[in-house]
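Enquirer: this one's sequence-less:
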């Protein structure tokens, strides 16, 4: 995609988002209105809950050279068999924005031309944390109607190969094939099969080669007034479709439109449940950690069918 065409798309989506931001809710989350949350509860038919997060990894791999660190801090080995009360304790640390662990990007995560979403100056992100648009904006969680569009299922393949791109036609084609329609305030999940490929073939350097959305597919999100986008990859394709912009989907969704992104989720447990039920929509709850000033958080979205 030529850079000038990307910039024109960026300006168009940015202007559209600015015109419709009126009720004080941050970014596209304004579309998740109370009545839509109530309506989403009606999606529950089976009483079945399914996690959309992958287990957090602690072993280095090609796509996770600095994995999370989990250390037991107590009790001491000599105290394990001692009489009396003891507690098992541990400590956890992780790089939130990696290429393996499931996480949510806050609206302060993406900077373009010195600005965050809504024209907030990038200087608001300080060494002490982000003063605006941090993950604390969703401290009360995100609850709404989730919709899963399975692109490999549409194309008749187990997964998309690294570098392949999901188009708007793919999204509308998946809707038709799955008999579901994405609407205002929905949490849209797009499966490219990244997790299944990783499981079957082993990890690779996903920073340089991965399937994702083509930048023009973000127009679909704008037209449908999607509130959140989640993928089982990074949502962006690598190599990038736009010269000089490594993460164009992140730029368009987060920085231009104020759509929080969830990266590196996993849908392999959800797909068979949806297929068996014949339904690809569900109640979805997202509860990031309460980390004031943080640019993102590990996350474990739960689909309730």
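Expert: Yep, it's here. Since we're looking at a predicted model, the values are computed, not measured. Numbering: from 1, shown residues only.

Enquirer: which stretches of the stretch 151-300 of the chain form helices?
Expert: 151-155, 168-178, 194-201, 218-224, 248-250, 270-277 (DSSP state H, counting those that start in this stretch).

Enquirer: now the angle from the longest strand seen in the chain to helix 168-178?
Expert: Secondary structure of the chain per DSSP state E: the longest strand is strand 142-150. Angle of strand 142-150 versus helix 168-178, following axes from the mean of the first three to the mean of the last three Cα atoms, to 10 degrees, is 90 degrees.

Enquirer: quick one: strands adjacent to strand 142-150?
Expert: strand 187-191 (parallel), strand 281-286 (antiparallel) (DSSP bridges).

Enquirer: Low-confidence stretches in the stretch 51-200 of the chain?
Expert: Residues of the stretch 51-200 of the chain meeting the criterion pLDDT under 70: 78-79.

Enquirer: hmm, try it at 80
Expert: 76-83 (pLDDT under 80).

Enquirer: quick one, phi psi at the residue lying closest to residue 264 once chain neighbours are set aside?
Expert: Closest residue to residue 264 apart from its sequence neighbours, by Cβ to Cβ, 6 or more residues apart in numbering: residue 102 at 5.2 Å. In this view, the C-beta of every residue, glycine as well, is placed from N, C-alpha and C. The phi and psi values for residue 102, taken as degrees, to the nearest 10, are phi -70, psi 130.

Enquirer: Now do the contacts for residue 102.
Expert: Under the criterion of Cβ atoms under 8 Å, 6 or more residues apart in numbering, the contact list for residue 102 reads 52-54, 56, 262-266, 298-301.

Enquirer: Relative to residue 145, how far out is the closest residue to residue 142 other than its chain neighbours?
Expert: Nearest residue to residue 142, sequence neighbours excluded (Cβ to Cβ, 6+ apart): residue 286, at 4.1 Å. Here residue 286 is placed at a distance of 12 Å from residue 145 (Cβ to Cβ, to the nearest Å).

Enquirer: which residues are common contacts for these two?
Expert: residue 187.

Enquirer: For residue 90, find the nearest of the helices of the stretch 151-300 of the chain.
Expert: Ranking these by their distance to residue 90 (criterion: Cβ to Cβ) puts helix 194-201 first, at 26.0 Å.

Enquirer: Run through who's touching that closest one.
Expert: With Cβ under 8 Å, 6+ apart, helix 194-201 has contacts from 54, 63, 158-161, 204, 206, 210-211, 231-233, 264-268.

Enquirer: do the same with stretch 204-211
Expert: 62-63, 99-100, 159-166, 192-194, 198, 233-234, 236-239.

Enquirer: From the opening residue of that stretch to its closing one, how far?
Expert: Between the opening and closing residues of stretch 204-211 lies a distance of 13 Å (Cα to Cα, to the nearest Å).

Enquirer: what does stretch 207-217 give?
Expert: Taking Cα to Cα, stretch 207-217 runs 21 Å from one end to the other.

Enquirer: mind listing what's buried in it?
Expert: By neighbour count on 16 or more other Cβ atoms under 10 Å, the buried set for stretch 207-217 is 210-217.

Enquirer: Over to stretch 276-284?
Expert: Under the neighbour-count criterion of 16+ other Cβ under 10 Å, stretch 276-284 has 279-284 buried.

Enquirer: what residues are up against residue 167?
Expert: 214, 216-217.

Enquirer: same question but for residue 132, I mixed them up
Expert: 108, 116, 120, 124.

Enquirer: now, which of the residues you listed sits nearest residue 274?
Expert: residue 108 (32.9 Å).

Enquirer: What distance do you get for that closest one to residue 68?
Expert: 22 Å.

Enquirer: re earlier: export the contacts of residue 167 as JSON lines, with columns for pLDDT and distance to residue 251.
Expert: Converted to JSON lines, these look like this (pLDDT from 0 to 100; distance: Cβ to Cβ, whole Å):
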{"residue": "214", "pLDDT": "97", "distance to residue 251": "13"}
{"residue": "216", "pLDDT": "96", "distance to residue 251": "13"}
{"residue": "217", "pLDDT": "97", "distance to residue 251": "13"}
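
Enquirer: Residue 29: which of those is nearest?
Expert: Nearest member of the contacts of residue 167 to residue 29, counting by Cβ to Cβ, is residue 217, at 20.3 Å.

Enquirer: if we can go back for a sec, quick check: the residue nearest to residue 142 touching residue 138?
Expert: Yes. Contact status for residue 286 versus residue 138: in contact at 7.4 Å, counting by Cβ atoms under 8 Å.
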